[in-house]
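S.K.: the following comprises the amino acid sequence and a computationally predicted model.
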Amino acid sequence: MIELKSLTKVYPGGVKALDALDLEIRDGEFFALLGPSGCGKTTLLRTIAGLETATSGQVVIGSKDVTHVQPGARDVAMVFQDYALFPHMDVTDNISYPLRIKKVAKPARTAKAAEVGARLGLEGLMDRRPGQLSGGQQQRVALARVMATQAQAFLFDEPLSNLDARLRLEARTFLKKLQRELGVTTVFVTHDQAEALAMADRMAVMEAGHIRQIGTPAEVFQRPANTFVAGFIGSTPMNLLDGTVRGETLEVAGCKVPAPAAGLRDGEKIVYGVRPEYVTYSVEPVDGSIAGKVVLSESLGASHLVTLEAAGETVQVIVPEGDEPALGDEGYAVPRTDRALIYRDGELV
Ligand SMILES: Nc1ncnc2c1ncn2[C@@H]1O[C@H](COP(=O)(O)OP(=O)(O)OP(=O)(O)O)[C@@H](O)[C@H]1O
């Protein structure tokens, strides 16, 4: 288990990269730290590893307070964004390097490197140097090096960022499977929401040194806690439309839609959120729909992302391929009320 208590990191020069952050990562969990560039993900990971010192607050690993413990004595192993392999060493020596530091004898080191290397499909490449390997193979060497250490926790900083789109997809599945098998608590940093949703058991969404939501991928996707998370998660961002409460209904983009939540005050201003995946397109007016004009249609392969302009608001809808309307058509966006959300002052009601 990794526990962060009121963790704050202020860099020399005054940048507050982490602001009184609380987080509990459970034993054996595959946990993602997700957020836009500069939000503090890498700083958080490095502070867990001990490569950065906390300005205040605590880092607890297992049941031990390691806030002031040297990185080497924290029993965590980190994979860096650039893999940080030694170019002059072959794969065996790269994988077994941490064991050499721990003064493990050479035959035992070599045997361990061979065992872990085989597990990651590196047999036959053990005598090569990093420069003679593909990106995906280098990534596996970096993972093998971490696995060989048998640490209590693994920390990955954007482990898939150097791979091309295809390899990334393969590596996702592979990493997740591997983590399951090993059952070692793993924290990984990514700025790619799809990657976090696909791989993590739970995730934290960060913004400017704060955690804005912690939850399973399903929770974060279905019920974003605030408009920041709503806009950040999802391959197409959630529709976030200004609305006014009118009794039992809402006035959104000049139309009346059913209110998806109770306890709203008549006349109050809210934000109505619904994912394009949960909005259908209709050529005929339907109760509770939003009338608009088609201004854009983008192919997503098997479906189209259709953008409607409705009384100064933009509404996006996913339409099955073949059913997409023509540009300039007048049509109706029909949101699923059971999937719609209300935000008051940016927070989920
Ligand atoms: N060594 C440093 N000295 C001063 N400021 C730093 C240092 N390292 C990072 N920062 C600042 O701290 C903030 C958080 O940086 P961090 O690298 O943790 O973000 P990140 O979320 O990992 O971003 P990215 O996805 O771009 O890697 C940023 O404003 C960054 O400029």
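M.R.: Received the coordinates, thanks.

S.K.: tell me the domain ranges of the protein?
M.R.: By the assignment in automatic domain parsing, the chain contains the domains 2-232, 239-348.

S.K.: mean pLDDT lowest for which of those domains?
M.R.: Per-stretch averages of pLDDT across these put domain 2-232 at the bottom, with a mean of 91.

S.K.: circling back: mind giving me TSV with the domains of the chain and columns for mean neighbour count?
M.R.: Bear in mind the C-beta positions are built from the backbone N, C-alpha and C, glycine included. Formatted as TSV, those follow (neighbours: other Cβ atoms under 10 Å):
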stretch	mean neighbour count
domain 2-232	18
domain 239-348	17
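
S.K.: in CSV, list those along with distance to the ligand.
M.R.: Compiled in CSV, the domains of the chain are given as follows (distance: least, Cβ to the nearest ligand atom, whole Å):
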stretch, distance to the ligand
domain 2-232, 3
domain 239-348, 21
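
S.K.: surely Arg109 meets Ser96?
M.R.: Yes: look at Arg109 against Ser96 with Cβ atoms under 8 Å: they come within range, at 3.9 Å.

S.K.: name whatever forms a beta bridge with Val274.
M.R.: Asn239 (DSSP bridges).

S.K.: which residues does it contact?
M.R.: Met238, Asn239, Pro335, Arg336, Arg339, Ala340, Leu341 (Cβ atoms under 8 Å, 6 or more residues apart in numbering).

S.K.: from these, which land in strands?
M.R.: Among the contacts of Val274, the ones falling in strands (DSSP state E) are Asn239, Pro335, Leu341.

S.K.: quick one, what contacts the last one?
M.R.: Put plainly, it is Leu341. Neighbouring residues of Leu341 by Cβ under 8 Å, 6+ apart: Arg223, Pro224, Ala230, Pro260, Ala261, Tyr272, Gly273, Val274, Leu348, Val349.

S.K.: and the fifth one, what does it touch?
M.R.: In other words, Ala261. Leu341, Ile342, Val349 are the contacts of Ala261 under Cβ under 8 Å, 6+ apart.

S.K.: what's the spacing between it and Ala218?
M.R.: Remark: distance between Ala261 and Ala218 (Cβ to Cβ, to the nearest Å) = 19 Å.

S.K.: same deal with the fourth one?
M.R.: Counting by Cβ to Cβ, the gap between Pro260 and Ala218 amounts to 18 Å.

S.K.: all helices of the stretch 101-250 of the chain, in order?
M.R.: Using DSSP state H, counting those that start in this stretch, the helices of the stretch 101-250 of the chain run over 106-119, 135-148, 165-182, 193-199, 217-222, 227-232.
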